[in-house]
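Chemist: Need the 3D shape of this:
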Amino acid sequence: MFREGLEAALIIGLVAGYLGRTGRREWLPLVWLGIGAGVLVSLGAGLALELLSAEFPQRGQEIFEAVVGLAAVGMLTAMVFWMRRAARSVKAEMQDRIDAALMGERRGFALLAMVFLAVAREGLEAAVFLLAVMRQSPGPAAPLGALAGLLLAVAVGVAITWGGLRLDLRRFFRWSGVLILLVAAGLLAGSLRALHEAGLWNGLQATVFDLSDILPADGVAGSVLAGLLGYSDRPALGEVLVYLVFLAVTLPLFLRPMAGAPAIPSPARQAVPAGVAPAPPRLKPVLGLMALLALAVLVLGAASLRLERREAGAGEAHSITVAITERGCEPGEFSIPAGRTAFRIVNRSDRALEWEILDGVMVLEERENIAPGLTQGLTARLEPGTYAITCGRLSNPRGRLTALPAAASAPWRPEPRDLLAPMAEYKVHVTLQVMAMQEAVEDLGEALDKGDTAQAGRLIAEAGQARDQLLSALQLLPEAREALASVSSGLARLTASLPVAGSGGADVPRETLARLRADSEALSARIGDARITPASMAAGASRSLRGPDAITPASLDGVGRVVSLLRPLAIRLDPELQASLDRSLAEAGKGNRSAFPILAADLERLGRQLETD
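Modeler: From the prediction side, this is the model:
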């Protein structure tokens, strides 16, 4: 911000000083008018972009952050290389532009447009840069640093123009250009991180180093480095690579010596021979003004669309205010009607915090880097169910948000696509358990050959645990249930014969082992051909609980896997039933046998609700 502000201050100083030295002070009011218009356009564009981004969903937020960051990288890089090339002649060129503007027919408009474009260009660059930095760096350091840099730039500009301060601008722009390239590299790395969070880039995500315990990014020093150089305490490999490659390309090009070139007189200072038509005026100011007008139209159109959307949904959306503090949320638990809800998030702490809506481990919506004392809006459409909310710091206890189904709405029924995920995940789980059982049986043969009865006992236990995990899945599959019973018998015979095998009579275990291998392969084939549906998962888990004496920790774990996979469906079908399932499963896990029949009944009820035509 200091460099952008100083460039604008120098341009203003050059214009005002040149008008004063040439006796044309009557044009100064137009200069101040152009300055004011340029500042207003810059502030309006930055504010409009920030307000519009608040309406984006979570993925849109991340994409917007990446786009703004990439735009800032492009603008900063182009700016430093342009200044490197034009620093020698910027004063003479500006004076020529003033003379040309005051010699035309519409002199006032030309001077106003020239000053307006110069200030607006620097202001828009600063607005995009500041927006990108504030989105990638939490805390008040970025806005406070920007304000300090801007005030210092104004002071230095005034001192140079009217106070006689001598400053080696060539050296200043050279070394400030190096700093800006470092800032641009950090923004580029942050943009790649935002693309990853949006799901558009998933490569090179290995963590290069972890300095979160030594120099955390949310600490004082870490916040300064994050805002200045894009520091991250746990950067991914891709972020480090783009940071280094960008600097490896741009720094040598920027620091290489410039070839000397003779000064070329500007068009305004060249004499025009008689009979020769003067050169047409350059179109850059006109094109720049057109671009700014197009931007203003775009911003106003987007703001109008946002206002229309808000008014159209005002009667439908429920609204609620949530305050986040250092210790949590206020309120920490609340209920809302399912559907569209407008959240107003107020940060009542003294540091930047975030607020998230979570469905399991998936972040549905979030607002990051909410500055102290400020408010951000968030509009989300939630299905009926229970969600966790992150309140400020990640170490704080999570809150709870319940979206209640509307009484007048038709009951939700699962569609085929809703059933695919739990079916596929459970089929993978069952297949892995069969593979674990087969692997234990194979290793069991080696242990018996070596006479290692202790290892054989451990392998039989592992195979038994895998078998118990399958009880829920196979209760309603008669073709697989017979094979599972044969496997159970084989494991029991091996367990009973292990002492005999340890004393030298290993023939019987080997015969039993051969039969066990055949049975496990048959079980694998039966399961591979079986069609397991969410309804059969729930019903099978319910039936496996009917004989409490046969329940083992592994079989109860299998029931828990079924409950976990069916939770998203159960929440949408019947939130109260899912809450009862969670309670009874927790009690069963503590060894409370009175919870088994309740859990079995809840699963049977869920299975009936999951039945489809």
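
Chemist: show me where the protein has strands.
Modeler: All strands of the chain, identified by DSSP state E, fall at 318-324, 329-330, 333-337, 339-347, 353-359, 362-370, 375-382, 385-391, 399-404.

Chemist: Can I get those strands in TSV including mean neighbour count and distance to residue 43?
Modeler: C-betas here are computed from N, CA, C, even on glycine. Conversion of the strands of the chain to TSV gives the following (neighbours: other CB atoms under 10 Å; distance: least, CB to CB, whole Å):
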stretch	mean neighbour count	distance to residue 43
strand 318-324	16	27
strand 329-330	19	32
strand 333-337	14	35
strand 339-347	18	22
strand 353-359	21	26
strand 362-370	18	20
strand 375-382	17	19
strand 385-391	21	32
strand 399-404	19	36
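
Chemist: Wait, residue 325 touches residue 349, no?
Modeler: Yes - using CB atoms under 8 Å, residue 325 is in contact with residue 349, at 5.2 Å.

Chemist: just to revisit the earlier point, could I get the strands of the chain as JSON lines with distance to residue 32 and mean pLDDT?
Modeler: Shown next, in JSON lines, are the strands of the chain (distance: least, CB to CB, whole Å; pLDDT from 0 to 100):
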{"stretch": "strand 318-324", "distance to residue 32": "42", "mean pLDDT": "84"}
{"stretch": "strand 329-330", "distance to residue 32": "47", "mean pLDDT": "84"}
{"stretch": "strand 333-337", "distance to residue 32": "51", "mean pLDDT": "85"}
{"stretch": "strand 339-347", "distance to residue 32": "37", "mean pLDDT": "84"}
{"stretch": "strand 353-359", "distance to residue 32": "41", "mean pLDDT": "83"}
{"stretch": "strand 362-370", "distance to residue 32": "35", "mean pLDDT": "76"}
{"stretch": "strand 375-382", "distance to residue 32": "34", "mean pLDDT": "79"}
{"stretch": "strand 385-391", "distance to residue 32": "48", "mean pLDDT": "85"}
{"stretch": "strand 399-404", "distance to residue 32": "51", "mean pLDDT": "86"}
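
Chemist: Now render those as JSON lines, adding distance to residue 240.
Modeler: What follows is the strands of the chain, written out as JSON lines (distance: least, CB to CB, whole Å):
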{"stretch": "strand 318-324", "distance to residue 240": "32"}
{"stretch": "strand 329-330", "distance to residue 240": "35"}
{"stretch": "strand 333-337", "distance to residue 240": "41"}
{"stretch": "strand 339-347", "distance to residue 240": "31"}
{"stretch": "strand 353-359", "distance to residue 240": "24"}
{"stretch": "strand 362-370", "distance to residue 240": "22"}
{"stretch": "strand 375-382", "distance to residue 240": "31"}
{"stretch": "strand 385-391", "distance to residue 240": "27"}
{"stretch": "strand 399-404", "distance to residue 240": "35"}
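
Chemist: Which of those sits closest to residue 540?
Modeler: strand 385-391 (24.3 Å; CB to CB).

Chemist: Partner strands of the closest one, with direction?
Modeler: Under the criterion DSSP bridges, strand 385-391 sits next to strand 353-359 (antiparallel), strand 399-404 (antiparallel) in its sheet.

Chemist: Residue 428 - how many residues pack around it?
Modeler: Neighbour count of residue 428, defined by other CB atoms under 10 Å: 10.

Chemist: residues bridging contact with residue 325 and residue 349, i.e. touching both?
Modeler: Counting by CB atoms under 8 Å, 6 or more residues apart in numbering, the common neighbours of residue 325 and residue 349 are residue 392.

Chemist: quick revisit: out of the strands of the chain, which comes closest to residue 238?
Modeler: Of all the strands of the chain, strand 362-370 comes closest under CB to CB, at 20.3 Å.

Chemist: which other helices and strands contact that closest one?
Modeler: On a contact count with 3 or more CB pairs under 8 Å, 6 or more residues apart in numbering; DSSP states H and E, strand 362-370 meets helix 58-86, helix 107-136, strand 339-347, strand 353-359, strand 375-382.

Chemist: What is the last one packed up against?
Modeler: Spelled out, that is strand 375-382. strand 339-347, strand 353-359, strand 362-370.

Chemist: try 7 Å this time
Modeler: Packing partners of strand 375-382 (3 or more CB pairs under 7 Å, 6 or more residues apart in numbering; DSSP states H and E): strand 339-347, strand 362-370.

Chemist: So which residues make contact with the first one?
Modeler: Outside of strand 339-347, the residues within contact range by CB atoms under 7 Å, 6 or more residues apart in numbering are 313, 316-324, 353, 355, 367, 370-382.

Chemist: can you check stretch 387-401 too?
Modeler: So stretch 387-401 is contacted by 324-329, 332-334, 336, 349, 353-359, 386, 403 (CB under 7 Å, 6+ apart).

Chemist: Any figure for the gap between residue 374 and residue 194?
Modeler: If you measure residue 374 against residue 194 using CB to CB, to the nearest Å, the figure is 21 Å.

Chemist: Make JSON lines from the helices and strands packed on strand 375-382 and add distance to residue 579 to it.
Modeler: Shown next, in JSON lines, are the helices and strands packed on strand 375-382 (distance: least, CB to CB, whole Å):
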{"stretch": "strand 339-347", "distance to residue 579": "21"}
{"stretch": "strand 362-370", "distance to residue 579": "20"}
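
Chemist: contacting residues around residue 355?
Modeler: By CB under 7 Å, 6+ apart, the neighbours of residue 355 are 322, 324, 345, 366-367, 370, 389-391.

Chemist: In contact with residue 464, which residues?
Modeler: residue 491.

Chemist: now swap in residue 601 and tell me
Modeler: Residue 601 neighbours (CB under 7 Å, 6+ apart): none.

Chemist: and residue 590, how many neighbours?
Modeler: Residue 590 has 7 nearby residues by other CB under 10 Å.

Chemist: typo on my end, residue 177
Modeler: 23.

Chemist: list the contacts for residue 565?
Modeler: By CB under 7 Å, 6+ apart, residue 565 lies in contact with 422, 425-426.

Chemist: Going by distance to residue 73, which of the residues you listed wins?
Modeler: residue 425 (40.5 Å).

Chemist: how much space between the closest residue to the closest one other than its chain neighbours and residue 379?
Modeler: Among residues not flanking residue 425 along the chain, residue 565 sits closest, at 5.6 Å (CB to CB, 6 or more residues apart in numbering). Counting by CB to CB, the gap from residue 565 to residue 379 is 30 Å.

Chemist: same deal with residue 554?
Modeler: For residue 554 relative to residue 379 (CB to CB), the value is 45 Å.

Chemist: quick one, domains of the chain?
Modeler: Split into domains by automatic domain parsing, the chain comes to 2-172+284-303, 318-404, 419-531, 533-613.

Chemist: Could I get the contacting residues of residue 459?
Modeler: Counted by CB under 7 Å, 6+ apart, residue 459 has contacts 440, 443-444, 447.

Chemist: Tell me which entries of these lie within helices.
Modeler: 440, 443-444, 447 (DSSP state H).

Chemist: out of these, which are buried?
Modeler: 440, 443-444, 447 (16 or more other CB atoms under 10 Å).

Chemist: Quick check: nearest residue in space to residue 391, chain neighbours excluded?
Modeler: Residue 391 sits nearest to residue 329 (CB to CB, 6+ apart), 3.7 Å away.
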